[in-house]
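*Asks:* with the input below, show me the fold.
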Amino acid sequence: MKCALITGGSRGIGKAICIQLAKDTDYHILINYNSNEDAAKNTLKDVEAAGNTGELIPFNVTDSEQVKSQLDAWQEKNPEALIEVIINNAGITKDGLFMWMPKEDWQNVINTSLNGFFNVTNHLIQKMLRNRFGRVINIASVSGVKGTPGQTNYSAAKGAIVAATKALSQEVAKRNITVNAVAPGFIKSDMTADLDEKELKKLIPANRFGEAQEVADLVSFLVSKKSSYITGEVVNINGGIYS
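*Replies:* Coordinates of the predicted model:
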């Protein structure tokens, strides 16, 4: 059984990716979530409605011991299974001006996006290397490429993800493992629900927020065999915002 693991797969972009991969691939979809079990169960229903199989794997990506124990327990139950695709999507925002930023808001955002990437990918990459095939796709952000005021913590976390993507891709390319990042701009989701869409649209050449579905379509392409010569790339999907 070949599997795709999506962290933060219960809502928003993560959910859209789970459903699209269920439609486009034969992968058994592993939906990771931290606290919202109901939302994760709804994602699983949608995966099954798309004609594919899936299951829930709850863990907090920031907790390396929990990541290990949950993934190891899953592997023991499914000894023949192989995680070929990792989508590092889990992330949080704690926006605020840097001068007033509490240490916790800095650490929590870095822990989720950056340490979450390490905890999950580092635990799974050796098996991927032995198998000589894999896809790692890191969900970055326009904030990590050009920087966004009020998001110094998020920009730092996502900028580090961009750099890690470029470095890791060079280490594993000989084994047919590609590592790419997708950097969304303003996408309609729970994370952007509080933003002033009418005002922010003026900053976007395409004059609209993107849809989670559009990000999922891009991720699905990067998972596919069609993208096997693309690695170490950061693909911006932002309606034309450039610094």
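
*Asks:* least confident secondary structure element in the chain?
*Replies:* The helix or strand of the chain with the lowest confidence, counting by mean pLDDT, DSSP states H and E, is helix 197-200 at a mean of 80.

*Asks:* the helix ranked longest in the chain - what's its average pLDDT?
*Replies:* For the chain, the helix with the greatest residue count under DSSP state H is helix 152-172. The average pLDDT within helix 152-172 is 98.

*Asks:* same check, this time on stretch 123-142
*Replies:* 97.

*Asks:* so where is the protein shaky, pLDDT-wise?
*Replies:* Residue ranges of the chain with pLDDT under 70: 191, 193, 243.

*Asks:* would you map the strands across it?
*Replies:* 2-6, 28-33, 54-58, 82-88, 134-139, 177-184, 234-237 (DSSP state E).

*Asks:* other SSEs contacting the fifth one?
*Replies:* Under the contact definition 3 or more C-beta pairs under 8 Å, 6 or more residues apart in numbering; DSSP states H and E, strand 134-139 sits against strand 82-88, helix 116-131, helix 152-172, strand 177-184, helix 212-223. Yep, even glycine has a C-beta here, placed from its N, CA and C like the rest.

*Asks:* please apply the same query to the shortest one.
*Replies:* For strand 234-237, the elements it packs on are helix 142-146, helix 152-172, strand 177-184, helix 212-223, judged by 3+ C-beta pairs under 8 Å, 6+ apart.

*Asks:* burial of Val235, as a residue count?
*Replies:* 19 (other C-beta atoms under 10 Å).

*Asks:* ok, and the closest non-adjacent residue to it?
*Replies:* Distances taken as C-beta to C-beta, 6 or more residues apart in numbering put Val182 closest to Val235, at 5.3 Å, once the chain neighbours are dropped.

*Asks:* was I right about Ile161 contacting Asn180?
*Replies:* No: Ile161 is beyond contact range of Asn180, at 11.1 Å (criterion: C-beta atoms under 8 Å).

*Asks:* between those two, what contacts are shared?
*Replies:* Asn138 (C-beta atoms under 8 Å, 6 or more residues apart in numbering).

*Asks:* list the contacts of the residue most central in space within the chain.
*Replies:* In the chain, the residue lying closest to the centroid (C-alpha atoms, centre = their mean) is Asn89, at 1.9 Å. Contact analysis of Asn89 by C-beta under 8 Å, 6+ apart lists 6-9, 13-14, 17, 139.

*Asks:* ok, the residues you listed vs Phe118, which is closest?
*Replies:* When the contacts of Asn89 are ranked by distance to Phe118 (C-beta to C-beta), Thr7 comes first, at 11.9 Å.

*Asks:* residues touching that closest one, list them.
*Replies:* 14, 32, 61, 86-90, 116, 120.

*Asks:* since that was my last question, I'll sign off now.
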